[in-house]
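> one predicted model, sequence on top.
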Amino acid sequence: LLSQVADTRCTVLITGESGTGKELAARSLHAGSGRSTRPFVAVNCAAIPPTLVESELFGHVKGAFTGATTSRTGRFAQADGGTIFLDEIGEMELGVQAKLLRLIQDGELYPVGEETPTKVDVRILAATNRNLEAEVANGRFRADLFWRLNVIPVEMPKLKSRAGDIAALCAHFLGRANERHRRQVAGIEPQAMDALKAYAWPGNIRELENVLERMVIVKGAG
């Protein structure tokens with residue numbers, strides 16, 4: 001599905017538990033598109049203080065608010081011609097959601113303190129580990145924005161349901177950890193691989209990567 005929709009302009013909503021590879025999916029969509037040579041800008045909506053979200057995303061002009069001593073380019077303008085990835089979009093406040101909806105509909109953004117809109121050409125990819133339909137029902141997420149984002153829904157499955165992928169993921173993470181830490185761990189014993197495949201992986205792929213890195217550091221030092 002990712003490969004089918006990569007070279008389009010459509011908005012994609014990527015869902016799944018934390019650690020399932022949602023940002024990797026977004027990066028693969030960007031890499032497979034005609035925008036691959038243009039910026040890929042990732043924004044963690046949960047990491048931005050509520051008072052700064054609008055300025056961070058859309059920018060601001062000098063004097064727009066106390067402390068705005070210079071103008072600032074927002075993340076959408078930085079991604080112009082490329083792709084913006086809005087991670088944890090379920091954390092976005094309703095007021096900012098309304099401005100995002102307007103940007104999606106009109107292709108224009110209004111920096112804070114600016115009355116003249118700026119045209120931007122940005123493909124929007126969004127991700128969340130929340131159930132946005134439930135958030136809509138509870139009044140915490142705009143229904144109109146949800147349907148704008150949910151053009152192509154992609155669900156990233158839990159690692160425990162993808163035991164067949166674990167060997168390939170281990171080989172990838174093993175090679176990367178060897179290079180990063182200057183180790184030469186050749187591989188994983190069959191019994192150890194069986195244990196990795198049998199484990200539930202509550203932290204999903206991120207937990208597997210951490211385990212492989214720890215193994216390489218400890219085994220390589222020994």
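Okay, I see it.
> all helices for this protein, in order.
2-5, 22-31, 53-58, 75-78, 94-106, 132-137, 143-149, 166-181, 190-198, 204-221 (DSSP state H).
> most tightly surrounded among the ones you listed?
Greatest average neighbour count among the helices of the chain goes to helix 53-58 (a mean of 21), per mean count of other CB atoms under 10 Å. Every C-beta, even on glycine, is put in place using the N, C-alpha and C of the backbone.
> pLDDT on that helix, on average?
In this model, helix 53-58 carries a mean pLDDT of 87.
> list the contacts of it.
Contacts of helix 53-58 with the rest of the structure, by CB atoms under 8 Å, 6 or more residues apart in numbering, involve 43, 45, 48, 64-65, 68, 72, 74-77, 92-93, 95-96, 99-100, 103, 109-112.
> related to what we said a few turns ago, make a markdown table out of the helices of the chain and add distance to Ile124.
Formatted as a markdown table, the helices of the chain follow (distance: least, CB to CB, whole Å):
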| stretch | distance to Ile124 |
| --- | --- |
| helix 2-5 | 13 |
| helix 22-31 | 10 |
| helix 53-58 | 11 |
| helix 75-78 | 9 |
| helix 94-106 | 6 |
| helix 132-137 | 15 |
| helix 143-149 | 7 |
| helix 166-181 | 28 |
| helix 190-198 | 36 |
| helix 204-221 | 24 |
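> mind checking which of these is nearest Pro157?
helix 204-221 (9.1 Å; CB to CB).
> which strands and helices sit next to that closest one?
helix 166-181 (3 or more CB pairs under 8 Å, 6 or more residues apart in numbering; DSSP states H and E).
> give me the angle between the helix it packs on and helix 204-221.
For helix 166-181 against helix 204-221, the angle by axes from the mean of the first three to the mean of the last three CA atoms, to 10 degrees is 50 degrees.
> check the offset of helix 166-181 from the chain's centre.
Put simply, helix 166-181 sits 22 Å off its chain's centre (CA atoms, centre = their mean, to the nearest Å).
> tell me what that helix is packed against?
Using 3+ CB pairs under 8 Å, 6+ apart, the elements in contact with helix 166-181 are helix 190-198, helix 204-221.
> any idea which of those gets closest to Asn129?
Of these, nearest to Asn129 by CB to CB is helix 204-221, at 10.3 Å.
> what angle separates that closest one from helix 190-198?
Angle, helix 204-221 to helix 190-198, by the same axes, to 10 degrees: 160 degrees.
> so how far is helix 204-221 off the chain centroid?
Taking CA atoms, centre = their mean, one finds the center of helix 204-221 at 23 Å from the center of the full chain.
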